[in-house]
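Novice: sharing a model that was predicted from the sequence below.
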Amino acid sequence: MEDLFEVPDVQCCGCNEDISFSDHVRCTECYKETVNFCIKCFQTGTEFGSHKRGHNYKVEHPLGSVMFTHSNESNPWGWKEDKMLIRALNKYKLTHWSVFISSRSKQIMAIFFVIAYVDFALFWSC
């Protein structure tokens with residue numbers, strides 16, 4: 001099955017690192033081409049093509065802001081991932097975890113679902 005919830009590929013214009021799933025900076029003045037930088041290249045003032053370090057910019061959160069955090073989580077879920085998971089669960093129920101979200105493994109999705117939704121619901125129902 002195809003991944004219905006894929007995040008578009010985004011490359012840093014400075015170091016060519018894949019920043020599709022990371023917070024990054026997008027230039028709002030470069031209209032002829034899309035200019036994105038990883039945080040490190042942005043901090044060092046990298047310039048690319050017609051992009052100059054003094055241009056206005058926007059911080060992009062491709063997975064959305066974090067809604068649920070757990071003390072042992074090094075890569076927290078954004079709200080867009082939560083939304084993708086809920087939509088996929090509604091469509092596929094608890095089968096086909098592999099098509100839900102391309103940025104997460106089946107095991108991580110299942111654990112997150114239990115912690116964020118099942119345990120949370122049980123806690124508040126008491």
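Specialist: In hand now; what should we look at? Numbering: from 1, shown residues only.

Novice: pull out the buried positions in stretch 39-46.
Specialist: The neighbour-count check on stretch 39-46 (16 or more other CB atoms under 10 Å) flags 41-42, 46 as buried. No exception for glycine: its C-beta is placed from N, CA and C like everyone else's.

Novice: so where do the helices sit in this protein?
Specialist: 39-43, 79-92, 106-113, 120-125 (DSSP state H).

Novice: dump those into JSON lines; add mean pLDDT and distance to residue 10 as well.
Specialist: As requested, these are exported to JSON lines (pLDDT from 0 to 100; distance: least, CB to CB, whole Å):
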{"stretch": "helix 39-43", "mean pLDDT": "94", "distance to residue 10": "13"}
{"stretch": "helix 79-92", "mean pLDDT": "79", "distance to residue 10": "14"}
{"stretch": "helix 106-113", "mean pLDDT": "80", "distance to residue 10": "21"}
{"stretch": "helix 120-125", "mean pLDDT": "58", "distance to residue 10": "31"}
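
Novice: which of these sits closest to residue 62?
Specialist: helix 79-92 (7.4 Å; CB to CB).

Novice: mind listing what's buried along the closest one?
Specialist: 80-82, 84-85, 88-89.

Novice: so that helix versus helix 106-113, what angle?
Specialist: 100 degrees (axes from the mean of the first three to the mean of the last three CA atoms, to 10 degrees).

Novice: just the closest of the buried residues of stretch 39-46 to residue 114, please.
Specialist: Nearest to residue 114 among those is residue 42, at 36.6 Å by CB to CB.

Novice: give me the average confidence score over stretch 45-60.
Specialist: For stretch 45-60, mean pLDDT rounds to 92.

Novice: before we move on, the earlier item: from the buried residues of stretch 39-46, which is closest to residue 112?
Specialist: Nearest to residue 112 among the buried residues of stretch 39-46, with distances taken as CB to CB, is residue 42, at 29.4 Å.

Novice: any idea how far that closest one lies from residue 16?
Specialist: From residue 42 over to residue 16 the distance is 14 Å, taken as CB to CB, to the nearest Å.
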